[in-house]
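J.: Take this sequence and fold it.
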Amino acid sequence: MPQSKPPLLLLCKSAITTSSLEKILSPLFQLNIVQDAESTWKKITQMDEICILVSDLSIAIDQYGLMERLRKAQDEMISAIPVLLLVGAEDDESQREKAFHDGASDFITMPFSSSELLSRLELQGRRLKKHTLNQLPSDNNNSPADLLLNLTQQKCFDDRLIQELSFAVRHKVNLSVVKLKLDQFDIITKHFEQPIVSKILNRVAEILQKTIRREDMLCYQGKAEFMILLPATNSLGAMTGLHRLKTSFEREKVKVLDRTLPISFSGGIFSNLSNKEASVEDVYSQLDHKLNKAIESGGNNIVSAKQTQDTEFLTIDQALKLIASGNTESLKPEAARLLQKIMPLLQFADQNLSIDLEETNQYLKIYFDV
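T.: Predicted structure coming up:
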């Protein structure tokens, strides 16, 4: 028997965008078009399987706190829903940061190509199948070391990193990896015996695991060092996520023997946003270098990709701002990729505005071999 289509909810205020997305998504998904945040929530709570939600960014974060309600839902099937947000020209960076804080799975900037949208949805589908790798044992009888043992799956982490690096380069999407080291580890090991040290690290791991997004992956490497894989996230997004971690530790506290321990981290961020695919060894080498720089600076510091001059893919919005300011030097290497990205918009304009772009569009198709 043919396999049934996976369910997908579409929440978009633009009738034109909704119609375009319907044509792209209907052949591959069991598509449900919803009108507002409240009807979306109602539809999700009535479904008997996990779906994917594609929504306007502004609706997801502004209407009835939809994004936050999803992530805080007690029902595992609801809180695990992948949410891909459509980012328009009217959406500013603060809205995107709020969406990231609230747990958005991915962002796609309009206009976009059908291949880009489908590749992002494919990625979310794969993560949905794998999200159980990040689930923690619920048995209250587990020893304090069980969580750390559960997270010490280096080969699993490496395999996932290889896949995500390849996907990021192939589809030109963001990817970040963070390495953190507990600043107080040497002091803790001097003042406490090993069973207490294990309890402290276990509590640290628990807070980290609770705070990261479902699509992120946490790995414990020993000696109070943790790795976090953040798909579809640039260095700015990774820094935002780390700020959320800092807030979590301030709120949750790490207590031992009736004492509250101050917790801080030193760390480095790797963002793979170039056209050359990096190896796992490259990632770890750069992260070790950045972590060492953070520690040498006195600790409680994060060395980001931008601080070490890693490059990032420019968005259409960023490119327009650079052109407006006249600062176009960094735009030149990205010109071809950005032009290819707006091809669907040029085709749409030619069809609806009658401005004679057919020859230009045909030339671009030949140039980009699409």
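
J.: Heading C-terminal from the helix or strand of the chain with the lowest mean pLDDT, find the next helix or strand.
T.: Lowest on mean pLDDT, DSSP states H and E among the helices and strands of the chain sits helix 146-151, with a mean of 64. Remark: after helix 146-151, the chain's next helix or strand is helix 154-171, criterion DSSP states H and E.

J.: Packing partners of that next one?
T.: Counting contacts by 3 or more Cβ pairs under 8 Å, 6 or more residues apart in numbering; DSSP states H and E, helix 154-171 packs against helix 114-130, strand 175-182, strand 217-222, strand 225-231, helix 280-296. Any C-beta I mention is one placed from the backbone N, CA and C, and that applies to glycine too.

J.: Rebuild these as a markdown table, extending it with mean pLDDT and mean neighbour count.
T.: What follows is the helices and strands packed on helix 154-171, written out as a markdown table (pLDDT from 0 to 100; neighbours: other Cβ atoms under 10 Å):
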| stretch | mean pLDDT | mean neighbour count |
| --- | --- | --- |
| helix 114-130 | 74 | 17 |
| strand 175-182 | 93 | 26 |
| strand 217-222 | 89 | 20 |
| strand 225-231 | 92 | 23 |
| helix 280-296 | 90 | 17 |
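
J.: And those: which comes nearest residue 346?
T.: helix 114-130 (14.6 Å; Cβ to Cβ).

J.: hang on, the earlier thing: Throw the helices and strands packed on helix 154-171 into JSON lines and include distance to residue 169, thanks.
T.: Formatted as JSON lines, the helices and strands packed on helix 154-171 follow (distance: least, Cβ to Cβ, whole Å):
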{"stretch": "helix 114-130", "distance to residue 169": "12"}
{"stretch": "strand 175-182", "distance to residue 169": "9"}
{"stretch": "strand 217-222", "distance to residue 169": "19"}
{"stretch": "strand 225-231", "distance to residue 169": "13"}
{"stretch": "helix 280-296", "distance to residue 169": "12"}
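
J.: closest one to residue 341 among the ones you listed?
T.: Judged by Cβ to Cβ, the one of the helices and strands packed on helix 154-171 that comes nearest to residue 341 is helix 114-130, at 7.7 Å.

J.: The closest one to helix 154-171, inter-axis angle?
T.: Angle between the axes of helix 114-130 and helix 154-171 is 170 degrees (criterion: axes from the mean of the first three to the mean of the last three Cα atoms, to 10 degrees).

J.: centre of the chain versus helix 114-130, how much separation?
T.: Mean-position distance between helix 114-130 and its chain equals 12 Å (Cα atoms, centre = their mean, to the nearest Å).

J.: Then stretch 11-20?
T.: Centroid displacement of stretch 11-20 relative to its chain, using Cα atoms, centre = their mean, is 24 Å.

J.: low-scoring stretches of the stretch 201-350 of the chain, by residue?
T.: Counting by pLDDT under 70, the stretch 201-350 of the chain has low-confidence residues at 273-277, 305-314, 330.

J.: Break down it into its helices, ranges please.
T.: Along the stretch 201-350 of the chain, the stretches classed as helices by DSSP state H, counting those that start in this stretch are 235-252, 280-296, 316-325, 335-341, 343-353.

J.: Including distance to residue 269, could these go into a markdown table?
T.: What follows is the helices of the stretch 201-350 of the chain, written out as a markdown table (distance: least, Cβ to Cβ, whole Å):
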| stretch | distance to residue 269 |
| --- | --- |
| helix 235-252 | 5 |
| helix 280-296 | 7 |
| helix 316-325 | 19 |
| helix 335-341 | 23 |
| helix 343-353 | 32 |
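
J.: Could you name the stretch from these that's closest to residue 226?
T.: Residue 226 lies closest to helix 235-252 among those, at 10.0 Å (Cβ to Cβ).

J.: So for residue 35, which of the helices of the stretch 201-350 of the chain sits nearest?
T.: Once the helices of the stretch 201-350 of the chain are compared by Cβ to Cβ, helix 343-353 is nearest, at 23.9 Å.

J.: Can you point out the buried residues in the closest one?
T.: Within helix 343-353, the residues that count as buried by 16 or more other Cβ atoms under 10 Å are 343-344, 346-347, 350.

J.: do stretch 8-23 as well
T.: The neighbour-count check on stretch 8-23 (16+ other Cβ under 10 Å) flags 8-12, 17, 20-21 as buried.

J.: Touching stretch 76-92 from outside, list them.
T.: 12, 17, 44-45, 49-58, 60, 67, 70-73, 96, 99, 103-110, 120-121, 124-125, 127-128, 131, 214-215, 317 (Cβ atoms under 8 Å, 6 or more residues apart in numbering).

J.: of these, buried ones?
T.: Buried, going by 16+ other Cβ under 10 Å: 12, 17, 44, 50-58, 60, 67, 70-71, 73, 96, 99, 103-110, 120-121, 124, 127-128, 131, 214-215, 317, out of those.

J.: picking that back up, relative to residue 252, which of the helices and strands packed on helix 154-171 is closest?
T.: Nearest to residue 252, of the helices and strands packed on helix 154-171 and by Cβ to Cβ, is strand 175-182 at 14.6 Å.

J.: and the helix or strand following that closest one, what other elements does it pack with?
T.: Next in sequence after strand 175-182, counting helices and strands by DSSP H and E, comes helix 185-191. Packing partners of helix 185-191 (3+ Cβ pairs under 8 Å, 6+ apart): helix 194-211.

J.: List the buried residues for the helix it packs on?
T.: 197-209, 211.

J.: Which of the helices and strands packed on helix 154-171 sits closest to residue 253?
T.: Per Cβ to Cβ, nearest to residue 253 of the helices and strands packed on helix 154-171: strand 175-182, 14.8 Å.

J.: strands paired with the closest one, and their directions?
T.: strand 225-231 (antiparallel), strand 265-271 (antiparallel) (DSSP bridges).
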